[in-house]
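A.B. asks: sequence isn't available, so here's the structure alone:
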């Protein structure tokens, strides 16, 4: 197990890359920075492949690799240790593999940016923290990665910080994530108080002996889920993700689509035993997931910014993953994490290629007809669109249908909403594709003049990702098509706990499964055709801002006014409260009292001072008054 | 003379040299001070390295202190009342040793910030070094009388440092600070005298100011005012509880707790940068240290009785401080209120009386010592350049001061509890302690820990909002082009100081055992002492 014991190399390379690029950001030439940045991830990817191969060949499916004693006190012991098992090894491949492609792509995309060195150092730092999140063998190390990726997300969303709205988006992302993080943190406290350890191994072993529905487990899972909601942008903490599109597009692809935002899904799969024993939480996960999925899809259908469409689509797809988790289809959820990583990274990078060609224009109303000018981008984006729309045999079809099939088992209603979401998905994705690549060009002449296909550093990653998006589904061919679902077999060990083995319910009979598939695929195709007739045949172009809309379209276009509502119920009261505390309580009451005390003393002494008048007659008078008073007092007290 | 005495009186000695030096070499004063402080850092580093946390558990046992020095100092024969015995009694254990190193490092940073001081250099550096001696004395004194002398000795130089070298409202701030603190310590003196008459030295049988003797219930004279067995009452309250409360208020003013905190924002805003650094970096810790060393150790029964209230005060300070920070427009005032919020975690941790909580409180004091020094140092850099620190007067500083902005981002993220920095460990431990208290000793309910986490969220709000307002966006300054020229990026001296502080915050975040190993055993010993009751 040579490489598994060397797993610390995987996060080390990006860390070194971060340090070199961070310190040399103003000194090193861009070529060197791009090379170091990408090479560090490539090396991690190579080691990850080695680890994956070793693990696949090994009989033991879980390795614990302690690095050093991080916290070691009488009461609290938290080792800094990594865990290699099927789940973490497959996530390693995704993060380093897609991460590498996106680094290469960024060399071309960010070529002209002044902050090139800073950008690559942040990107490397992100990969480092993401790897800690995945590799950590306990909740605390996971939490370090969890917060660390939040930091990098903040830095990269606000990368072009001179734009005030971008800086606001960065802050919003961090604060909303923080709300989730607090849930996670309190969950860790309860885990520690309950199990006396935060190590996955210890916790899961003890948890497996607990009864289903245990109240403590309910609390733990609910709070962990709060953490997942923040990181994975679910209702009610989803509004940061669309705003996060302020960052450079490759960042949106890597952090806000393929990797970081799936952290919440990863965490729940990791804690599968805790969640399985808390059916109430699982129901909530499913409900939140499906509502998020359909709400975000309903917003995506009317967005005009190409990245916003993809952002809401990400939120919606994450909702699918949570639906999968909620109905107990952990494998299906991870399967969707993987395929989504392929096709969503692809779609974002394609969007980046379009934006690059359009001289930073993101409004689809000003695009159109790019098919000929950007042939590679068009073909790859088509592959991504087919994949996300669930058209067989593209990858998204397999993972999405696995989740939907399990949802049907749980409740047909979940399935119906899931299918409606799939229709909407297919519609808005093809709408985007048609508006961007079909019909005539609608931008300025200058933009048209500049139109060009992107350089090879950008198109090669597109092609590789397109291949993955097309064929990625092969890792999980269901039995109904004569497959063995390799992924399910590979992941099985992480669901085996001492005394309790979690098995996803066996799917319904094959004919039902086929019917369900046919309905969702048929629906997706019809939605795509409807988009074709509306945007290609009908030459429909979304209305300009400010034009009148009917209620539903208005709600969708304005994102259901969620941001405004949050501002009204949280933002403003918080500001009012803080200035009330400062102005009224602190300055007014407390300092008023303190200063009042000082003033009373000094005013009081001013009055007393007058008694010292220097008038001897007055002194004698007072003396005699005093003696008389004393005598009277003495008289009455005898 | 032991190493400890050398350490304590070295700054005083350097201060005397500065006093006698002719004013023709006034530019040399700061180098004399710098030399003294560097030697001080080296000595305390040496002490740190040779401190074995498992041997020097300290607390109530003199033999378990490092570098003990005990000399009879004032000895008066009072005839029938026995003998008045005050010892020059010093020593270090796991609770005090970390503060010696913290004090030395923060003093070094404060000294590096003192380069900006332009007037009356002789007086400034002499008072600075006198203050240094007083602080080191407080952290190592084990005789209550000696402790009190050092404690009061800190006040005088601080009063003048704020009152002479401060900002526009310096006199108001200085007198406010002075009176607030004096209010606490005057009553403290009463309790010290009460303790003196209640406790006898088991070896001589005379009354004593020895703090260690005060920690052992066996040493209390039967029927004396603070005897645990006598259950005396004063004004209808148990005497021991009253003694605890009085001492607690004295130290709590220093911490400070809400609502005894309003001296702090004013003092910080008016104080020159180095004094703000000392105030936030060390002075506030005297409060927390005093609560542990004096209140909890001498009155453990009362500490347990009041734990719930202490915890409540802790979370009120956390949330109240954070909300006030959110309302500030003066950057220094914002940092001052954030200090109140962060020091709330110290109180919350102590109130839990659990190993996690008290370790967390200790760690938070150390961590906050470095981080608040860094924050005030950074604020001072802007102020020294343009004499303004109104947040709305600055925008887009990241464009013209990139290195400075990098440091401020490090300081902000470290302060808001990002894992990898010391504050995360400290706050997490305080919260774990508060959370576990319910199942360990039942002192604090769990909702207190949950409320405490809100402080972490709010700190993200005010720090990030500040970043957004001052550092991001296109550069737009209140002072226009003139400011743009004046706002030069950090220089080598400033980078040195900031790097030292960053390194400490980072190293303690990644290897917290460097601090925990030294204080663990003392913390456990303290909890054992409390649980004996």
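C.D. replies: Thanks, I have the structure now. Keep in mind that this is a model prediction, so the values were computed, not measured. Residues are numbered from 1 along each chain as shown, chains lettered A, B, ... in the order given.
A.B. asks: only C-alpha atoms from now on, for both contacts and neighbour counts.
C.D. replies: OK.
A.B. asks: the closest residue to chain B within the stretch 451-600 of chain A: helix or strand, and which one exactly?
C.D. replies: In the stretch 451-600 of chain A, the residue that lies nearest chain B is residue A:578 (4.7 Å; Cα to the nearest Cα). Assigned by DSSP states H and E, residue A:578 belongs to helix A:572-579.
A.B. asks: from the chain's centre, how far out does the strand or helix carrying residue B:244 sit?
C.D. replies: According to DSSP H and E, residue B:244 maps onto helix B:239-254. Helix B:239-254 sits 17 Å away from the centroid of its parent chain (Cα atoms, centre = their mean, to the nearest Å).
A.B. asks: in it, what counts as buried?
C.D. replies: B:239-254 (16 or more other Cα atoms under 10 Å in any protein chain shown).
A.B. asks: that one vs chain A: in contact?
C.D. replies: No - figure legend: helix B:239-254 not in contact with chain A (Cα under 8 Å from any Cα of the partner chain); closest approach 13.2 Å.
A.B. asks: mind giving me the packing neighbours of that helix?
C.D. replies: Helices and strands touching helix B:239-254, by 3 or more Cα pairs under 8 Å, 6 or more residues apart in numbering or on different chains; DSSP states H and E, are helix B:170-198, helix B:284-290, helix B:300-326.
A.B. asks: quick check: closest non-adjacent residue to residue 380.
C.D. replies: Just going to use chain A. Spatial nearest neighbour of residue A:380, chain neighbours left out: residue A:466 (5.4 Å); criterion: Cα to Cα, 6 or more residues apart in numbering or on different chains.
A.B. asks: the intended chain is chain B.
C.D. replies: Residue B:380 sits nearest to residue B:273 (Cα to Cα, 6+ apart), 5.3 Å away.
A.B. asks: now do the one you found against chain A, distance only.
C.D. replies: 23 Å (Cα to the nearest Cα, to the nearest Å).
A.B. asks: correct me, but that residue touches residue B:378?
C.D. replies: No - between residue B:273 and residue B:378 there is no contact under Cα atoms under 8 Å: 9.1 Å.
A.B. asks: follow-up on the earlier one: pull the distance from the helix or strand where the residue nearest to residue A:380 lies to the chain's centre.
C.D. replies: For residue A:466, the host element (DSSP H and E) is helix A:456-471. Centroid separation between helix A:456-471 and its chain, computed with Cα atoms, centre = their mean, is 23 Å.
A.B. asks: so what touches it?
C.D. replies: Contacts with helix A:456-471, where a contact means Cα atoms under 8 Å, 6 or more residues apart in numbering or on different chains, come from A:101-102, A:104-109, A:339, A:342-343, A:345-346, A:349-350, A:353, A:376-377, A:380-381, A:383-384, A:387, A:393-396.
A.B. asks: residues near residue B:487, how many?
C.D. replies: If you count neighbours by other Cα atoms under 10 Å in any protein chain shown, residue B:487 ends up with 18.
A.B. asks: that one against residue B:401, yeah?
C.D. replies: Yes - using Cα under 8 Å, residue B:487 makes contact with residue B:401 at a distance of 7.4 Å.
A.B. asks: enumerate the residues of the stretch 151-300 of chain B near chain A.
C.D. replies: B:259, B:262.
A.B. asks: taking the stretch 151-300 of chain B, what residue is nearest to chain A?
C.D. replies: Closest point on the stretch 151-300 of chain B to chain A, by Cα to the nearest Cα, is residue B:262, at 6.4 Å.
A.B. asks: against chain A, how distant is residue B:505?
C.D. replies: 15 Å.
A.B. asks: and that residue, what does it touch?
C.D. replies: B:367, B:370-371, B:414, B:421-423.
A.B. asks: thought residue B:513 was touching residue A:74?
C.D. replies: No - Residue B:513 lies out of contact with residue A:74 (Cα under 8 Å); the separation is 11.2 Å.
A.B. asks: tell me which of the two has more neighbours.
C.D. replies: The neighbour count for residue B:513 versus residue A:74, taken as other Cα under 10 Å, is higher for residue B:513 (18 against 14).
A.B. asks: what sits against that one?
C.D. replies: Contacts of residue B:513 by Cα under 8 Å, 6+ apart are A:70-73.
A.B. asks: which one of these sits closest to residue B:358?
C.D. replies: Distance to residue B:358 across the contacts of residue B:513 (Cα to Cα) is lowest for residue A:73, with 11.7 Å.
A.B. asks: can you tell me the residue of chain A closest to chain B?
C.D. replies: Sorted by distance to chain B under Cα to the nearest Cα, the residues of chain A start with residue A:162, at 3.6 Å.
A.B. asks: pLDDT (mean, whole number) over stretch B:335-349?
C.D. replies: The average pLDDT for stretch B:335-349 rounds to 94.
A.B. asks: buried set for that stretch?
C.D. replies: Applying 16+ other Cα under 10 Å to stretch B:335-349 flags B:335-349 as buried.
A.B. asks: does chain A sit close to that stretch?
C.D. replies: No - in terms of Cα under 8 Å from any Cα, no part of stretch B:335-349 sits within range of chain A; the closest distance is 10.2 Å.
A.B. asks: contacting residues around the nearest residue to residue A:485 once chain neighbours are set aside?
C.D. replies: Distance criterion Cα to Cα, 6+ apart; nearest residue to residue A:485, sequence neighbours excluded, is residue A:476 at 4.1 Å. By Cα under 8 Å, 6+ apart, residue A:476 lies in contact with A:335, A:398-399, A:483-488.
A.B. asks: how's chain A carved up into domains?
C.D. replies: As given by automatic domain parsing, the domain ranges for chain A are A:329-500+A:507-542, A:563-636.
A.B. asks: for residue B:24, give its distance to chain A.
C.D. replies: According to Cα to the nearest Cα, residue B:24 and chain A sit 42 Å apart.
A.B. asks: report the distance from stretch B:524-533 to the chain centre.
C.D. replies: Stretch B:524-533 sits 23 Å away from the centroid of its parent chain (Cα atoms, centre = their mean).
A.B. asks: with stretch A:407-421 instead?
C.D. replies: That offset, for stretch A:407-421, works out to 24 Å (Cα atoms, centre = their mean).
A.B. asks: which residues touch it?
C.D. replies: Counting by Cα under 8 Å, 6+ apart, A:290, A:293-294, A:297, A:320, A:323-324, A:327, A:404-405, A:507-508, A:520, A:523 sit against stretch A:407-421.
A.B. asks: residue A:633: neighbouring residues, count only.
C.D. replies: Neighbours of residue A:633 (other Cα under 10 Å): 11.
A.B. asks: so it is in which element?
C.D. replies: With DSSP H and E as criterion, residue A:633 is part of helix A:616-637.
A.B. asks: tell me which residues of that helix are tucked away?
C.D. replies: So for helix A:616-637, nothing qualifies as buried (16+ other Cα under 10 Å).
A.B. asks: what about the residue nearest to residue A:13 when sequence neighbours are not counted, how many residues close to it?
C.D. replies: Computed as Cα to Cα, 6+ apart, the closest residue to residue A:13 that is not its neighbour in sequence is residue A:40, at 5.0 Å. Using other Cα under 10 Å, residue A:40 has 24 neighbouring residues.
A.B. asks: residue A:40 contacts residue A:11, correct?
C.D. replies: No - applying Cα under 8 Å, one finds residue A:40 not in contact with residue A:11, separated by 9.4 Å.
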